[in-house]
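> kindly return the folded structure for what I paste below:
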Amino acid sequence: MNATIAVTKEITTLINILTVEPENEPKLIELLRENTENIVSALDGWVSTSFIVAKDKCRVAIYSQWRDLASVEAMQANPKMRAYFPRIAALAAFDGFTGDVTYARQA
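Coordinates of the predicted model:
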């Protein structure tokens with residue numbers, strides 16, 4: 001399954017917004033990329049992950065798609081992920097939520 005933004009109950013979306021000092025943005029992106037490639041992508045229910053960096057380098061959005069809410073909750077409880085969270089917190093403040101796409105329009 002490829003990453004797409006579409007109205008569907010077959011995907012649960014996890015959005016994380018990280019606030020970072022611009023000089024720490026490259027380190028944060030590398031940490032996120034490394035974790036996605038080595039841990040997240042191997043977890044059951046994972047579909048895709050994308051990073052969006054603000055032009056001012058002060059915010060990073062993580063757009064992550066999962067099979068269902070239970071997969072997100074299992075990821076968040078995974079010991080490898082729990083060990084990774086403090087490393088993110090050392091570089092950025094973060095907030096997030098899970099949800100369903102309720103509207104999407106494409107050209």
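
> contacts for the helix or strand that Ile52 is a member of?
Following DSSP states H and E, one finds Ile52 within strand 46-53. With contacts defined as Cβ atoms under 8 Å, 6 or more residues apart in numbering, strand 46-53 is touched by 1-3, 11, 25, 29, 32-33, 36, 40-41, 59-67, 71, 75. To be clear about C-beta, it is placed using only N, CA and C from the backbone, and glycine gets the same treatment.

> so the closest residue to Gly99 other than its chain neighbours: helix, strand or coil?
The shortest distance from Gly99 to any non-neighbouring residue, by Cβ to Cβ, 6 or more residues apart in numbering, is to Thr13 (5.6 Å). In three-state terms, and counting by DSSP: H, G, I helix; E, B strand; the rest coil, Thr13 is strand.

> what are the pairing partners of the helix or strand that comes right after the strand holding Ile52, and which direction each?
Note on strand 46-53: by DSSP H and E, the next helix or strand toward the C-terminus is strand 59-66. Sheet pairing of strand 59-66 (DSSP bridges) gives strand 12-20 (antiparallel), strand 46-53 (antiparallel).

> off-centre distance for strand 59-66?
From the chain centre to the centre of strand 59-66 is a distance of 3 Å (Cα atoms, centre = their mean, to the nearest Å).
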